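Q: Next input, structure requested:
(chains A and B)
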Protein chains: 2
Amino acid sequence: MNYNVSEKFKSLKPSAIREIFKSLGTPGAISFAAGNPNPSSFPVADMKRIADEIFENDPVTALQYGITEGYTPLRELVKARLKRVYGIGTDDDELIIVTGGQQGIELSCKVLCNEGDAVVCENPSFIGALNAFRSLGARLVSVELTDDGIDVDALESALKANPDAKLLYTIPTFQNPAGITTNLETRKKVLELAKKYDIIILEDNPYGDLRFSGEDVPTYKSLDTEGRVLYCGSFSKVLSSGMRIGFLCGGKELISKIVVAKQVEDVHTNVFFQMVCARYIEQCDLEGHIAEIRELYRRKAALMVGALEENMPKSVKFIRPDGGIFLWCSLPEGIDLGEFVKRAGDRLVFVVPGTAFAPDPDAPCRSFRLNYSMPTDEEIVKGIKILAEIAREMGAG
Amino acid sequence: MNYNVSEKFKSLKPSAIREIFKSLGTPGAISFAAGNPNPSSFPVADMKRIADEIFENDPVTALQYGITEGYTPLRELVKARLKRVYGIGTDDDELIIVTGGQQGIELSCKVLCNEGDAVVCENPSFIGALNAFRSLGARLVSVELTDDGIDVDALESALKANPDAKLLYTIPTFQNPAGITTNLETRKKVLELAKKYDIIILEDNPYGDLRFSGEDVPTYKSLDTEGRVLYCGSFSKVLSSGMRIGFLCGGKELISKIVVAKQVEDVHTNVFFQMVCARYIEQCDLEGHIAEIRELYRRKAALMVGALEENMPKSVKFIRPDGGIFLWCSLPEGIDLGEFVKRAGDRLVFVVPGTAFAPDPDAPCRSFRLNYSMPTDEEIVKGIKILAEIAREMGAG
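A: Presented below is the predicted three-dimensional model:
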């Protein structure tokens, strides 16, 4: 039969990246397309021991329904760490555990936006967030990124032109996909604009722990004095992405609405892994573990940067990452991105075309995203050489 | 600051049941309010062994991102069981793993309904589903239940009066909260009406495995020849509710849209417990395990029915359950439900007033729901005696 799906879902497509991800089985394929953490960042031995201990001593808590807000000990531990590491959290803030950062993003929009309301986002931005906003009938209003982060003047114009904007979605640190970190001055200006135009800032910070060069910039949430910032974090990049544990921190009243929204989506996040996270933080050295992941990514990023510098034609520009797991490259004018990505795929090197991250997928684009957390060292060197060969074949100088 | 939340969330309240659930800490409290499975239904020893084996042999699959559709071996095993046990599944059907049945319900509405569209539901019905529909801006149109299930004539009137209805939400087997099972003749008529008025039936069947008396009635999905039924099931009542594993089976094209909707909600369901479920089905005796749960609930239901027959004034009516975990009681005319529930709570016996399950919470109601899966035998006997005393005090004869 023919299904009459809702207007919002008629045109919504699965994420291009996750579709690439599914077709990576070919032997010899080199994928720079993933957004996955390196599996060596999963502390398997500790988790095995902790899992065993939970099944031994507290299985019913792990396997029975829990409360929507999340496992209380984990909430307290995450609050304490956010305070200690990022200066986040006031007496007026609350924290809810969500089923991965993705759910935090989706719930924020669901609770704040009516259908047709504008959500302001960066161009380019995380496809999973853009599609979440689309799935809720929000209208995407995009603002270009500069080297300093979101373009403040363009942001003000967008807010002026869209008085129905309720939410600014930003990834200020090691932005996905562009790798840019918004500087402090820009963050302060953005906060002022948010106040002036009365919008909520959704600060998505999945990579904030993964800085391997330069100095930390204060989060929006740590600069927020009035509960205007919703901070979304996750254990996906530092403990495990498959266990789907994230968190949202924001003003109490707003979080209480998000609790209601989460209750009708999945009742609560799986309790067992909330307990695993809590015990890991209590019993193990999370900061030391994160330091090891940073060191791994520092090395892999340097290897990719070195391979690009050595092999890639100079007209191909890229942003040197200070953290995170992505590197953003731009082809020179006159080289067709679609053709470049296709030729790379034909030679079994997979990259994500920038069009996948565009609020307007039909806008012209010459950039692509490379991931360095997943490929082996050999794959990085070999894959970048192939991409450089293709760029030359296509006329890049 | 004051938050300007979306219209849909302005009036939406947390589930009254889950709020009761939170305040059950008082020593000596007897709760008939839960919807939880008895913890003895969690196969802890087997799960511990399986978890250990996964961490030993396949930790990266468990901890890394997975595909939105779900862990392939689990999907195949669930499809095979649905076919074997319920005769469900054609070549045109597909199955997706969801984060508990709750997510299956919410996604179905999200993909099928525009804001303002009508969702037809039973009165009374599962509060989690009603709130999910409300959270998506759907308009609830309720149809009364008879002893045979949904009132077919009232359903046709509702469909005639609401041509924008896209979805009929029904719990045809051991209905929550009313305990009624829709008979086969009614199911056939409802399917005909669904075809005539071109709506999708969302068949929610979390308790179908828990029959302890009488004969199984074929599911809507097994009677469905054209992909008009979405079947929602769950492992929450037979393996663990905290692990949040459910599934949706329906027409391929519709499930492909639900995959997109799920991708933007939580990317995928936690992989580890999908693997635990798959290995449990492969290695252990799921049907034997379910038979033990049925036996436990048969005994507990009989104990509660016996206590009600022995103690409760005859004017208090109840429906004798053939399965599931709930018993539905109705006070006689003239006895105020709110006062009855309050007096019970004052004596530390917690029940859920029927108003919590009403599509229209302001409609008059004299019924309440009792759960028998969680309380101990002693609590069942003592709690029912107290409820009977209160009913008498309030004038029930």
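Q: Residue ranges in chain A under the pLDDT threshold?
A: A:17-24 (pLDDT under 70).
Q: Scan it for its longest strand.
A: The longest strand of chain A (DSSP state E) is strand A:139-146.
Q: in that strand, what counts as buried?
A: Using 16 or more other Cβ atoms under 10 Å in any protein chain shown as the test for burial, strand A:139-146 gives A:139, A:140, A:141, A:142, A:143, A:145. Where C-beta positions appear, they are placed from N, C-alpha and C, glycine not excepted.
Q: Check those and tell me the two furthest apart.
A: A:139 and A:145 (19.8 Å; Cβ to Cβ).
Q: which helices and strands sit right next to the longest strand of chain A?
A: Using 3 or more Cβ pairs under 8 Å, 6 or more residues apart in numbering or on different chains; DSSP states H and E as the contact criterion, the elements in contact with strand A:139-146 are strand A:118-123, helix A:127-135, helix A:152-161.
Q: Export the ones you listed to CSV and append columns for mean neighbour count and distance to residue A:321.
A: What follows is the helices and strands packed on strand A:139-146, written out as CSV (neighbours: other Cβ atoms under 10 Å in any protein chain shown; distance: least, Cβ to Cβ, whole Å):
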stretch, mean neighbour count, distance to residue A:321
strand A:118-123, 26, 17
helix A:127-135, 24, 19
helix A:152-161, 16, 23
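Q: Ok, which of these comes nearest residue A:387?
A: For the helices and strands packed on strand A:139-146, proximity to residue A:387 was assessed by Cβ to Cβ; helix A:127-135 is nearest, at 21.2 Å.
Q: Briefly note if that closest one comes near chain B.
A: Yes - residues of helix A:127-135 contacting chain B under Cβ under 8 Å from any Cβ of the partner chain: A:128, A:131, A:132, A:134, A:135.
Q: What are the contacting residues of that helix?
A: With contacts defined as Cβ atoms under 8 Å, 6 or more residues apart in numbering or on different chains, helix A:127-135 is touched by A:8-9, A:12, A:15-17, A:102, A:105-106, A:109, A:113, A:119, A:121, A:140, A:169, A:204, A:356-357, A:359, B:110, B:260-261, B:263-265, B:267.
Q: Just checking the distance from that helix to the centre of its chain.
A: Its chain's C-alpha centre and that of helix A:127-135 lie 12 Å apart, by Cα atoms, centre = their mean, to the nearest Å.
Q: same check, this time on stretch A:47-63
A: Chain-centre distance of stretch A:47-63: 30 Å, with Cα atoms, centre = their mean.
Q: Next: stretch A:125-142.
A: 13 Å.
Q: Could you report the distance from residue A:288 to chain B?
A: The gap separating residue A:288 from chain B is 19 Å, by Cβ to the nearest Cβ, to the nearest Å.
Q: ok, so of the buried residues of strand A:139-146, who is nearest residue B:347?
A: Using Cβ to Cβ, those come closest to residue B:347 at residue A:139, 53.9 Å.
Q: wait, that closest one sits on residue A:115?
A: No - using Cβ atoms under 8 Å as the test, residue A:139 is too far from residue A:115 to be in contact (9.1 Å).
Q: Am I right that residue A:189 falls within a helix?
A: Yes - read with DSSP: H, G, I helix; E, B strand; the rest coil, residue A:189 is one of the residues of a helix.
Q: ok, which residues in the stretch 151-300 of chain A are in contact with chain B?
A: Counting by Cβ under 8 Å from any Cβ, the positions of the stretch 151-300 of chain A adjacent to chain B are A:166, A:198, A:200, A:226-228, A:236, A:240-244, A:251, A:253-254, A:257, A:259-261, A:263-273.
Q: Just the buried subset of the residues you listed, please.
A: Among those, those classed as buried by 16+ other Cβ under 10 Å are A:166, A:200, A:227-228, A:236, A:240-244, A:251, A:254, A:257, A:259-261, A:263-273.
Q: Of those residues, which belong to helices?
A: Counting by DSSP state H, the part of those found in helices is A:254, A:257, A:259, A:260, A:261, A:263, A:264, A:265, A:266, A:271, A:272, A:273.
Q: now these as TSV including distance to residue B:83?
A: Output for those, formatted as TSV (distance: Cβ to Cβ, whole Å):
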residue	distance to residue B:83
A:254	45
A:257	42
A:259	38
A:260	37
A:261	35
A:263	33
A:264	31
A:265	29
A:266	27
A:271	31
A:272	29
A:273	31
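Q: Check the residues you listed and tell me the two furthest apart.
A: Maximum pairwise distance among those (Cβ to Cβ): 27.9 Å, between A:254 and A:272.
Q: who's in contact with residue A:253?
A: For residue A:253, the contact set (Cβ under 8 Å, 6+ apart) comprises A:227, B:3.
Q: From residue B:4, how far out is it?
A: To residue B:4, residue A:253 is 11 Å away according to Cβ to Cβ, to the nearest Å.
Q: same thing with residue A:301?
A: According to Cβ to Cβ, residue A:301 and residue B:4 sit 41 Å apart.
Q: Look at the two and report which has more neighbours.
A: With neighbours defined as other Cβ atoms under 10 Å in any protein chain shown, residue A:301 and residue B:4 compare such that residue A:301 has more, 25 against 13.
Q: does the more buried one really touch residue A:319, like I thought?
A: No - with contact defined as Cβ under 8 Å, residue A:301 does not reach residue A:319; the gap is 11.1 Å.
Q: what touches both of those two?
A: Counting by Cβ under 8 Å, 6+ apart, the shared contacts of residue A:301 and residue A:319 are residue A:327.
Q: Report whether the helix or strand hosting residue A:81 contacts chain B.
A: Assigned by DSSP states H and E, residue A:81 falls within helix A:72-86. No - contact of helix A:72-86 with chain B (Cβ under 8 Å from any Cβ) is absent, the minimum separation being 10.9 Å.
Q: Quick check: buried residues in that helix?
A: Buried residues in helix A:72-86 (16+ other Cβ under 10 Å): A:74, A:75, A:77, A:78, A:79, A:81, A:82, A:85, A:86.
Q: Can you list the helices and strands that whichever helix or strand comes after it packs against?
A: Note on helix A:72-86: by DSSP H and E, the next helix or strand toward the C-terminus is strand A:93-98. Contact partners of strand A:93-98 among helices and strands, from 3+ Cβ pairs under 8 Å, 6+ apart: helix A:72-86, strand A:246-251, helix A:252-266.
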